[in-house]
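**Student:** Have a look at this fold, sequence not included:
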């Protein structure tokens, strides 16, 4: 089993520090990513389709858009981990999550479909991280003009999901 140390602050942009802070230093990142799969699918599976279009404020994302955002962000961070983990030194661009959300057309889909897609994305992320050689976890690249290590990407993915699970509970009452 691959174990990885907690990422140092020089391995990611400061904008992601809050997500990484959601993960305890002694947590096994692979076990956490795996447990989140079941946790998130169960949590989202309890939300009615009728609730999928709910927004807690007019300019905020609907529940469906939030789930779509989780898939988009995870894909992007897993892609960054793949590129850097394979030794690709090409700087990677940032992304505008608001622009992505505007284009996803989440309102045209069911919450169940968006939830299933997130599950598929997480399974792909798990396969990637489980099969990276130990040396790849230490590799660093550039994403959005900031440093990004493979292990930081894994922690950001997990912390990002924890952040939005808290948002589901506190803002969406879901």
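**Tutor:** Alright, I've got the coordinates. Here the structure is a predicted model, which means the values were calculated and not measured. Numbering: from 1, shown residues only.
**Student:** From residue 42, how far off is the residue located most distally from the centre of the chain?
**Tutor:** Here the chain reaches farthest from its C-alpha mean at residue 50, the gap being 24.9 Å by Cα atoms, centre = their mean. As for residue 50, its distance to residue 42 is 19 Å (criterion: Cβ to Cβ, to the nearest Å). For glycine as for every other residue, the C-beta is placed from the backbone atoms N, C-alpha and C.
**Student:** got it, and residue 85?
**Tutor:** Taken as Cβ to Cβ, the span from residue 85 to residue 42 is 30 Å.
**Student:** For the helix or strand hosting residue 83, enumerate the helices and strands it packs against.
**Tutor:** Assigned by DSSP states H and E, residue 83 falls within helix 63-85. Packed against helix 63-85 by the contact rule (3 or more Cβ pairs under 8 Å, 6 or more residues apart in numbering; DSSP states H and E) you find helix 97-103, helix 111-130, strand 140-143, strand 146-149, helix 150-170.
**Student:** Serialize these to JSON lines and add fields for distance to residue 27.
**Tutor:** Converted to JSON lines, the helices and strands packed on helix 63-85 look like this (distance: least, Cβ to Cβ, whole Å):
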{"stretch": "helix 97-103", "distance to residue 27": "25"}
{"stretch": "helix 111-130", "distance to residue 27": "14"}
{"stretch": "strand 140-143", "distance to residue 27": "21"}
{"stretch": "strand 146-149", "distance to residue 27": "17"}
{"stretch": "helix 150-170", "distance to residue 27": "8"}
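**Student:** how about CSV for these, with mean pLDDT and distance to residue 31 added?
**Tutor:** Shown next, in CSV, are these (pLDDT from 0 to 100; distance: least, Cβ to Cβ, whole Å):
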stretch, mean pLDDT, distance to residue 31
helix 97-103, 97, 27
helix 111-130, 99, 10
strand 140-143, 98, 24
strand 146-149, 98, 19
helix 150-170, 98, 10
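**Student:** Would you mind measuring from the nearest residue to residue 104 once chain neighbours are set aside to residue 28?
**Tutor:** Among residues not flanking residue 104 along the chain, residue 68 sits closest, at 4.5 Å (Cβ to Cβ, 6 or more residues apart in numbering). The gap separating residue 68 from residue 28 is 28 Å, by Cβ to Cβ.
**Student:** likewise residue 120?
**Tutor:** The value you get for residue 120 to residue 28, if Cβ to Cβ is used, is 23 Å.
**Student:** repeat for residue 89
**Tutor:** Taking Cβ to Cβ, one finds residue 89 at 29 Å from residue 28.
**Student:** dump the residue contacts of residue 142.
**Tutor:** For residue 142, the contact set (Cβ atoms under 8 Å, 6 or more residues apart in numbering) comprises 91-92, 148.
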